[in-house]
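Engineer: when you get a sec, could you give me coordinates for this:
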Amino acid sequence: MTAKALSTPATSSATNKLNMPASLRAAVKVTVLGLTIAVAAPMVVLTPTNAFAQTTQADPLAKSVEDFWHFGKVARYDVAAAKATEILGAGAEPLKVAEAFEKVATDRGDSLDDWLIRFQGVEALKGPAAELAKVINEGRFTRRADPKVIEANVARLNGGDRPYRLALVQLRESGELAVPAMLDVLKDPTKQSEHGAVRRAIIDLGRAALNPLAAATMSNDPAQVEVVVSLLGDLGYESAVPFLARLSEVAMTPNVKKVAEAAIAKIGGSTGKAGDQFYELAEKQYYGKTSLVADLRFPTANVWKFDVEKGVIRTPVPHAIFNDVMTLQATEMAMALNTSKDALSLWLAGDFKREADLPKDAKDDTRPANNPDAHFFAVTAGAQYCNAALGRALKDRNNAVALSAVKALQEIVGDSNFDRGESSPLIDAMQFGDRRVRFEAAFTLAQALPQKPFAGQELVTPLLAEALSQTGQPSVLVVLPTQEAVNAVVVPLKAQGFIASGATNAAGALSASAGVPAIDVVILSEELPAVETESLLGLVARSPKLRAAGKLVIVASTASQWEARKASDPTISTTTSSDPAQLKDAIAKARDATGALPLDPTLATQYATRAGELIKRLAISRGQVLDLTPSRSTLLGALEDARPEIVKLAGEGLALMNNEDAQKGLLLKATTEGVADDVKVSLFKSLAVSAKFFGKKLDAGQIEALDTVVSGGTNPEVKSAAAEARGALDLPADQARKLILANANQMPK
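Structural biologist: Next up, the predicted model:
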């Protein structure tokens, strides 16, 4: 037998025992030909242990989990990732997966959660480990939520101090899900001996017990309500006071009223009207500043309510909308109890926010399946309440809620019912950071065709013009210390599809920003002089066009002072690279960080179209107070737009403006080579409309260009439209005679 043949099983044996406890694996003894040899265990092994072979052969899931854990810990991330995919694809129940991972971690003396976090920090394992963590947490939730497990733990509470403590540990894992079973015990007279331990356990659960207990105050059983009220008083959370105040006002029995008032005094809560207290709770809930919180350990949040037949029951909702749903519930109670506060507008804001926060493809089961949307309730409520909801959203800088509120106002606001005051939310919305909110506010006021002056009316037309010029392309303003540095960034970004302009100082930045339809991100360098930087930031803060833009600062290192500034300002981002190829991703992240609502090319065209139609409507109307002059230059520029429908709309708007530049612009574009025939037809017809309203504003050379189309054009529709324009200009008859004779069949040639 060769030495190689002898060494192979010995090494393999040593290798396969690596996962013994540390005290046993410093060396492995093997026997070869009667001799005992100590073999040192190698530091790194790339094959999984056989120590679990007997237990895992019959359990493929356990084997896969063991392999994942092993290969992940020895940095064979490719193999670990494959094992993770194997586990996820096997379709095992989440609880089984969780138990398998818990066993592997326990057997190795590892922290399951710590290692899952570590694995998610490794790029090659990030995705698979995150999916595994999701499944494991789902399995843990299944165990925590199992009614049989909860009931068994509740039953153990009365077994003495040690069983109580062990049971309480498990009940804390179940959290609020354990409370209904505990309340069932407290209302059962045959389990009187268990009441003391269960009461103690509910109080020991602390805030986790608050949500279902608050819901239980709606019970129609006075005896149970008294128990619940007493528990809420002992827990001492101020968020319970509105529920107790309601019982004090509408108590089903004198004793319930007495117990409720005693609990309020114990908590130290206010003794005001219950309706007003529910309003205050709703407002705090809207901002997530109450003790009524969701348990983040669970995959979904729970909204609790009392059911006459089932007792306290929960409705799972996405965590993202928990506070919104709780806001609706509290405002509904406030309105039912006749609060003196404006609960209706807060309810509308909460409903707008709930719709905005609801994750895509998720649903809110607290609302009926056929429940009307937030827009329905808002337009039903009327302008006063929509304005109040809009004012709250503007103050909070909540783009999505503000947009929804403005769209609701758009349906119901007219010249007779919009707030003309200087602090009108709708007028303030025209200066809001998010451009979609600005546009919709301007559209709302424009379509109202206001007949009387109002504060802020000068903002409407420029915003219509800005909306008309939107393309949906990402746009940046680059402000760097030298023109060379600016060009080195602007030119490549333009090549990548950005609308980009630049400057070397704040004053130049203001001028550069005026030449583009919108600015998504301002790129600046920490190398700019401090005075210029602060001047630029002040400019950005004051400009409606720039206010919502992200600020992307090019820094030398992560030790820059801008790292601290961005911690308190979500619109600031940093990057250590000025390479345009790498800036593209940094710009996208900076844009997303602002929370600005997206404006893609399709949506941009919709806004441009709506703006063009409104400009036409305003131009045609008589008596409205909005001055369209500021939009003229934008309309002339829009004649060069790449979108034919926008060019046509711009022409129709210019046709209604009494200005010689309008007629000249229409004719110049209509006679430009390469313009599509349908666009030419539209522009010539717009020129005819302009001539009908305002007469001839073209000079002799321009008339000659028009005659050339009328006499020499090849497309009959274009020629006809040009002829209409010529006729509307009311030119001298001899020119018309010459044209007729030039086309006469009987005249000698």
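
Engineer: all contacts plus neighbour counts: C-alpha atoms, from now on.
Structural biologist: Will do.

Engineer: for the chain, give me the ranges with low pLDDT.
Structural biologist: Within the chain, the ranges that satisfy pLDDT under 70 run 1-58, 733-739, 742-749.

Engineer: domains for it, by residue range?
Structural biologist: Segmentation of the chain into domains, based on automatic domain parsing, reads 3-40, 53-145, 475-598, 603-742.

Engineer: helices of the stretch 101-250 of the chain, residue ranges please.
Structural biologist: Secondary structure of the stretch 101-250 of the chain (DSSP state H, counting those that start in this stretch): helices located at 112-120, 126-145, 147-156, 161-174, 179-186, 192-205, 210-216, 222-235, 241-249.

Engineer: as TSV, those with mean neighbour count and distance to Glu261 would be great.
Structural biologist: Below are these laid out as TSV (neighbours: other C-alpha atoms under 10 Å; distance: least, C-alpha to C-alpha, whole Å):
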stretch	mean neighbour count	distance to Glu261
helix 112-120	16	45
helix 126-145	19	34
helix 147-156	18	30
helix 161-174	18	29
helix 179-186	20	21
helix 192-205	18	19
helix 210-216	24	15
helix 222-235	21	9
helix 241-249	24	6
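
Engineer: which of the ones you listed sits closest to Ala590?
Structural biologist: Closest of the helices of the stretch 101-250 of the chain to Ala590 is helix 126-145, at 23.3 Å (criterion: C-alpha to C-alpha).

Engineer: quick one on the thing from earlier: a markdown table please, covering the domains of the chain and showing distance to Ala178.
Structural biologist: Below are these laid out as a markdown table (distance: least, C-alpha to C-alpha, whole Å):
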| stretch | distance to Ala178 |
| --- | --- |
| domain 3-40 | 38 |
| domain 53-145 | 8 |
| domain 475-598 | 38 |
| domain 603-742 | 48 |
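
Engineer: quick one on the thing from earlier: now for the helices of the stretch 101-250 of the chain, which one comes closest to Leu445?
Structural biologist: helix 241-249 (40.5 Å).

Engineer: quick check: next helix or strand after the closest one?
Structural biologist: Next helix or strand after helix 241-249 toward the C-terminus (DSSP states H and E): helix 254-267.

Engineer: and the helix or strand just after that next one, what does it pack onto?
Structural biologist: Sequence-wise, the next helix or strand downstream of helix 254-267 (DSSP H and E) is helix 274-286. Here helix 274-286 touches helix 241-249, helix 322-336, helix 343-357, going by 3 or more C-alpha pairs under 8 Å, 6 or more residues apart in numbering; DSSP states H and E.

Engineer: could you give the angle of the shortest one to helix 222-235?
Structural biologist: Okay, so that is helix 241-249. 140 degrees (axes from the mean of the first three to the mean of the last three C-alpha atoms, to 10 degrees).

Engineer: please enumerate the strands of this structure.
Structural biologist: Ranges of strands in the chain, per DSSP state E, are 27-32, 35-40, 301-307, 311-317, 475-479, 499-503, 521-525, 550-554, 572-575.

Engineer: who's in contact with Lys73?
Structural biologist: Lys73 makes contact with no residue under the criterion C-alpha atoms under 8 Å, 6 or more residues apart in numbering.

Engineer: ok, it to Val259 distance?
Structural biologist: According to C-alpha to C-alpha, to the nearest Å, Lys73 and Val259 sit 58 Å apart.

Engineer: returning to what we had before: rebuild the helices of the stretch 101-250 of the chain as TSV, extending it with distance to Asp627.
Structural biologist: TSV is the format used below for those (distance: least, C-alpha to C-alpha, whole Å):
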stretch	distance to Asp627
helix 112-120	58
helix 126-145	56
helix 147-156	69
helix 161-174	65
helix 179-186	65
helix 192-205	65
helix 210-216	56
helix 222-235	62
helix 241-249	52
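
Engineer: for Ser690, which of the ones you listed is the nearest?
Structural biologist: helix 126-145 (62.1 Å).

Engineer: now that closest one against helix 161-174, angle please.
Structural biologist: Per the same axes, to 10 degrees, the angle that helix 126-145 makes with helix 161-174 is 130 degrees.

Engineer: got the angle between helix 126-145 and helix 147-156?
Structural biologist: On the basis of the same axes, to 10 degrees, helix 126-145 is oriented at 50 degrees to helix 147-156.

Engineer: what is helix 126-145 packed up against?
Structural biologist: Counting by 3+ C-alpha pairs under 8 Å, 6+ apart, helix 126-145 packs on helix 77-89, helix 94-108, helix 112-120, helix 161-174.

Engineer: need those helices in TSV (columns: distance to Leu599).
Structural biologist: Output for the helices and strands packed on helix 126-145, formatted as TSV (distance: least, C-alpha to C-alpha, whole Å):
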stretch	distance to Leu599
helix 77-89	37
helix 94-108	40
helix 112-120	33
helix 161-174	44
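
Engineer: out of those helices, nearest to Glu717?
Structural biologist: The nearest among those, by C-alpha to C-alpha, is helix 77-89 at 64.0 Å.

Engineer: tell me which residues in the closest one are buried?
Structural biologist: For helix 77-89, a neighbour-count test (16 or more other C-alpha atoms under 10 Å) marks Tyr77, Val79, Ala80, Ala81, Ala82, Lys83, Ala84, Thr85, Ile87, Leu88 as buried.

Engineer: so what's the residue nearest to the third one when sequence neighbours are not counted up against?
Structural biologist: Across the structure, with C-alpha to C-alpha, 6 or more residues apart in numbering as the measure, the residue nearest Ala80 apart from its sequence neighbours is Phe68 (4.7 Å). When the contact criterion is C-alpha under 8 Å, 6+ apart, the partners of Phe68 are Val79, Ala80, Ala81, Lys83, Ala84.

Engineer: my read: the fourth one touches Trp69, true?
Structural biologist: Spelled out, it's Lys83. No. Between Lys83 and Trp69 there is no contact under C-alpha atoms under 8 Å: 9.1 Å.

Engineer: which of the helices and strands packed on helix 274-286 sits closest to Glu138?
Structural biologist: helix 322-336 (18.9 Å).

Engineer: check which helices and strands the closest one is in contact with.
Structural biologist: Packing partners of helix 322-336 (3+ C-alpha pairs under 8 Å, 6+ apart): helix 274-286, strand 301-307, helix 343-357.

Engineer: tell me the strands beside the second one, with direction?
Structural biologist: Paired neighbours of strand 301-307 in the sheet (DSSP bridges): strand 311-317 (antiparallel).

Engineer: so the strand it pairs with versus helix 322-336, what angle?
Structural biologist: Using the same axes, to 10 degrees, the inter-axis angle of strand 311-317 relative to helix 322-336 is 130 degrees.

Engineer: hang on, the earlier thing: just send the buried residues of helix 77-89 back as a markdown table, with distance to Ala381 too.
Structural biologist: Shown next, in a markdown table, are those (distance: C-alpha to C-alpha, whole Å):
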| residue | distance to Ala381 |
| --- | --- |
| Tyr77 | 58 |
| Val79 | 60 |
| Ala80 | 57 |
| Ala81 | 54 |
| Ala82 | 56 |
| Lys83 | 56 |
| Ala84 | 53 |
| Thr85 | 52 |
| Ile87 | 53 |
| Leu88 | 49 |
